[in-house]
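Student: Have a look at this prediction, sequence included:
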Amino acid sequence: MVSTTPPARGRFRRLSDRGLAVAFISPALLLLLAMSVFPLLWALYLSFTDYSATRGGPARWVGFGNYTAVLTSAQVHQRTLTTLIYVVGAVTLQTVLGFTIAYLISRRTRGRGVLTTLFLVPMMLSPVVVGLFWRFMLDAQFGVINSMLGSLGIGQVEWLTRQRTALISLIVVDTWQWTPFIMLIALAGLTAVPKYLYEAASIDRASEWFRFRTITLPLVWPLLLIAVLFRAIEAFRLFDLVYILTNGGPGVSTETLSFHVYKVAFLGFNTGTASAYGILMVLVVIVLTQLYLRYLNKLKEG
Amino acid sequence: MAVSVDEAVSPGPTRQRRPATRRFGGGRGRSVVEVALLAVLAVVMLFPVLWMIETSIKENRDVYAVPAQFFGFTVTMDHFRDVFIAPGGGRSDLSVAFLNSVLVAGVSTTLATVLGVPAAWAYSRFAVKAKKDQLFFILSTRFMPPVVVVIPIFLMYRQVGLIDTKLGLILIYAAFNLPFTIWMMKGFVDEVPAEYEDAAMLDGYTRLQAFRRFTLPLLVPGIAATAVFALIFSWNEFVFAIFLTSSDEVRTAPPAIAGLIGGTTVDWGLVAAASVVFALPVLIFAYLVRKHLVAGVTLGAVRR
């Protein structure tokens, strides 16, 4: 245990609070500057050049050329649409399902712990494992999903090799993995609703739906919004699941913006263009993050 | 207090059930419907996991059976043996990758903890200039798309010779876990009253001694929980791993497992077994920190 005798004065050099704060914070900030800020600044510089990682040679300044190229590219527009469909589709499904599960669990008396724990399993798995699991299950010939559909009398579906179904598959798999996330946070919100509000409502003989609409939803909404925004940012950044599950195909039907950046940078070796592309994505993420942090602040103060 | 699963599960009476004031009949019937719905959803969510476990213990001819075989297959541990032992004997590439993962995740987590805990304490205790902005800046670095960050990191590593080294992965993972560690730990430090340190300083301890001898011991459970999450994030990470490493001696488990489907034929039994071995520690660790899951999965941002 801690001894109660105070130490002799002057045994340690006394640091002022200010000095201590600097000494404790700066190593962390330095690592972040070196590994996050500096690379981004470098990417910002490269985005104004025609640098290629393989061709080598000096980088030529091209001004905003890369940016106009990216912003006017029909390919990029198409990837933006794909990403939008994917983000909106997946996050909407997750929110509806996650909230439903949380609501159902919150109404149970027994088995809540077991249920919650079981539901959380998909979220803790690596995207690599999830992608591989599903690639196997969705296989057109020996996949278990088609096998089950077959026994129900529905024909084979080529989940990952047809343009339209591939994007749907991606949305389904992401939903499977991240519904638990929304569920977890919605459950936290639902269990924090004070009981006396429901008791007051029941004295007033308010209907179930009325109570849900006027008590549950308004109180859970701020937290749910945070979860939704968080998921939207994550979905926007998503790369690994696409890489494993469909590799962007068939054709380019499941190429999200992240995946397209990867192709431009590592398969096309247009490092300058890819950097401009990346910086534009970072700008979107910054806007979304600001929104997220603003709501977070509101939640903390409220 | 962070909302914990345990708390969410406390066996108190459900708030909605009020038999005395039930106005509609069918309260019981609705309850049955709810239970059934919950059961169906649970089955749907858990089926893929069960299927993968089943696949990992099936013989190859049962793995590819059409229609799929749910029961009555021969159980075999061959796939698990293949995960660890190479066909000709000796260590398999996968087992090397698992060891690399342990090393990279362990060291990067230690680094993030050593840098993050003091920083979190300082942010919690002192009036730092533009504190809020600094904290928000720190968190936003975590939201950068990895595919974008990896382009300059790749060039930077190529320049300094960190490509295809464990050190390179350790550094990027530490930087990637640091924002999380700081946010998560700041929450834990905020829960320890600053008065403890003030009292110790009145007794003649310096601020640093007060932190080390009085606050730090109280933070140990929080540090453990935070480190476990950082460990899980590093363990599961794929994007940096696949772009920054290539050789079998350096590769961590996620790219190694993903590499199993590269060839013309895929040994799905082996993929399943490797996935089970890979996922098991994560599930155990996640269970250990279930009290802090809400804070953990939101990167320390949400806690109530």
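Tutor: Yep, it's here. What you see is a predicted model, and the numbers here were worked out from it, not measured in a lab.

Student: tell me which element residue 232 falls in.
Tutor: By default, I'm working from chain A. helix A:217-237 (DSSP states H and E).

Student: meant chain B, my bad for not saying
Tutor: Using DSSP H and E, B:Ile232 sits within helix B:216-236.

Student: Flag every buried residue along that helix.
Tutor: B:216, B:219, B:222-223, B:225-236 (16 or more other C-beta atoms under 10 Å in any protein chain shown). Yep, even glycine has a C-beta here, placed from its N, CA and C like the rest.

Student: Give me the mean pLDDT for it.
Tutor: Mean pLDDT, computed over helix B:216-236, is 94.

Student: Same check on stretch B:294-304?
Tutor: Average pLDDT, stretch B:294-304: 77.

Student: what's the answer for stretch B:258-272, then?
Tutor: 86.

Student: Next: stretch B:43-57.
Tutor: 92.

Student: before we move on, what about stretch B:128-135?
Tutor: Stretch B:128-135 shows a mean pLDDT of 88.

Student: on that earlier part again, which other helices and strands contact the following helix or strand past the helix holding A:Ala232?
Tutor: Scanning forward in sequence from helix A:217-237 by DSSP H and E, the next helix or strand is helix A:240-245. Of the remaining helices and strands, those touching helix A:240-245 by 3 or more C-beta pairs under 8 Å, 6 or more residues apart in numbering or on different chains; DSSP states H and E are helix A:127-137, helix A:163-191, helix A:257-262.

Student: before we move on, the earlier item: wait, which of the buried residues of helix B:216-236 is closest to B:Met156?
Tutor: B:Ser234 (19.7 Å; C-beta to C-beta).

Student: List the contacts of the closest one.
Tutor: For B:Ser234, the contacting residues are B:Val104, B:Ala105, B:Ser108, B:Thr109, B:Tyr173, B:Phe176, B:Asn177, by C-beta atoms under 8 Å, 6 or more residues apart in numbering or on different chains.

Student: Of those residues, which is the most crowded?
Tutor: Among the contacts of B:Ser234, B:Asn177 has the most neighbours (other C-beta atoms under 10 Å in any protein chain shown), with 30 neighbours.

Student: buried set for the strand or helix carrying it?
Tutor: Mapping B:Asn177 onto the secondary structure by DSSP H and E places it in helix B:166-191. Across helix B:166-191, burial judged by 16+ other C-beta under 10 Å covers B:166, B:168-189.

Student: And stretch B:253-272, by the same measure?
Tutor: Buried-residue list, stretch B:253-272, by 16+ other C-beta under 10 Å: B:253-258, B:260-261, B:267-272.

Student: neighbouring contacts of it?
Tutor: Contacts of stretch B:253-272 (C-beta under 8 Å, 6+ apart): A:126, A:128-129, A:131-132, A:135-136, A:244, B:52-53, B:55-56, B:58-60, B:63-64, B:78-79, B:82-83, B:93-94, B:97-98, B:100-101, B:235-238, B:241-242, B:245, B:248, B:251, B:274-275, B:278.

Student: Now do it: distance to the chain's middle.
Tutor: Taking C-alpha atoms, centre = their mean, to the nearest Å, one finds stretch B:253-272 lying 22 Å from the centre of the chain it belongs to.

Student: so where is chain A shaky, pLDDT-wise?
Tutor: Chain A contains residues with pLDDT under 70 at A:1-15, A:302.

Student: Where do the strands of it begin and end?
Tutor: Taking DSSP state E to define them, one finds no strands in chain A.

Student: For the closest residue to B:Thr215 other than its chain neighbours, the count of nearby residues, please.
Tutor: Closest residue to B:Thr215 apart from its sequence neighbours, by C-beta to C-beta, 6 or more residues apart in numbering or on different chains: B:Val192 at 5.5 Å. Neighbour count of B:Val192, defined by other C-beta under 10 Å: 19.

Student: Just give the nearest non-adjacent residue to residue 35, would you?
Tutor: With no chain named, the answer covers chain A. Spatial nearest neighbour of A:Met35, excluding adjacent residues (C-beta to C-beta, 6+ apart): B:Ala175 at 3.4 Å.

Student: To clarify, I was referring to chain B.
Tutor: Closest to B:Val35 by C-beta to C-beta, 6+ apart is A:Arg108, at 7.8 Å.

Student: Over to A:Val128?
Tutor: B:Pro254 (4.4 Å).

Student: Find the helix or strand that that neighbour is a member of.
Tutor: helix B:253-258.

Student: Closest one of the contacts of B:Ser234 to A:Thr175?
Tutor: When the contacts of B:Ser234 are compared for distance to A:Thr175 (C-beta to C-beta), B:Phe176 wins out at 25.3 Å.

Student: Looking at the contacts of B:Ser234, which has the smallest pLDDT value?
Tutor: When the contacts of B:Ser234 are compared, B:Phe176 shows the smallest pLDDT, 91.

Student: I'd guessed that residue sits against B:Phe233; true?
Tutor: Yes. Here B:Phe176 reaches B:Phe233: they are 7.3 Å apart, a contact under C-beta atoms under 8 Å.

Student: Now for B:Glu237: which residues touch it?
Tutor: For B:Glu237, the contacting residues are B:Tyr173, B:Phe176, B:Thr252, B:Pro254, by C-beta under 8 Å, 6+ apart.

Student: List just the nearest of those to A:Thr289.
Tutor: Nearest to A:Thr289 among the contacts of B:Glu237 is B:Phe176, at 15.4 Å by C-beta to C-beta.

Student: list the contacts for that closest one?
Tutor: A:Met35, B:Arg142, B:Phe233, B:Ser234, B:Glu237, B:Phe240.

Student: now B:Val149, what's its secondary structure?
Tutor: When classified by DSSP: H, G, I helix; E, B strand; the rest coil, B:Val149 comes out as helix.

Student: Please name the residues that touch it.
Tutor: A:Ser36, A:Pro39, A:Leu40.

Student: try 6 Å
Tutor: A:Pro39 (C-beta atoms under 6 Å, 6 or more residues apart in numbering or on different chains).

Student: that older thread, next, the angle helix A:127-137 makes with the helix holding B:Ile232.
Tutor: 40 degrees (axes from the mean of the first three to the mean of the last three C-alpha atoms, to 10 degrees).

Student: Can you give me the pLDDT of the residue nearest to A:Met35?
Tutor: pLDDT at B:Ala175 comes out at 95.

Student: wait, it sits on A:Leu33?
Tutor: No. In this structure, B:Ala175 is not within contact of A:Leu33 by C-beta atoms under 6 Å, at 9.5 Å.

Student: thought B:Ala241 was touching B:Thr252?
Tutor: Yes. When contacts are counted by C-beta under 6 Å, B:Ala241 is listed as touching B:Thr252 (5.0 Å).

Student: if I read this right, A:Leu31 contacts B:Ala175, doesn't it?
Tutor: Yes. Using C-beta under 6 Å, A:Leu31 is in contact with B:Ala175, at 5.3 Å.

Student: Which residue ranges of the stretch 1-150 of chain B form helices?
Tutor: Taking DSSP state H, counting those that start in this stretch as the test, the helices found in the stretch 1-150 of chain B are B:5-8, B:27-56, B:60-63, B:78-84, B:93-125, B:131-142, B:146-160.
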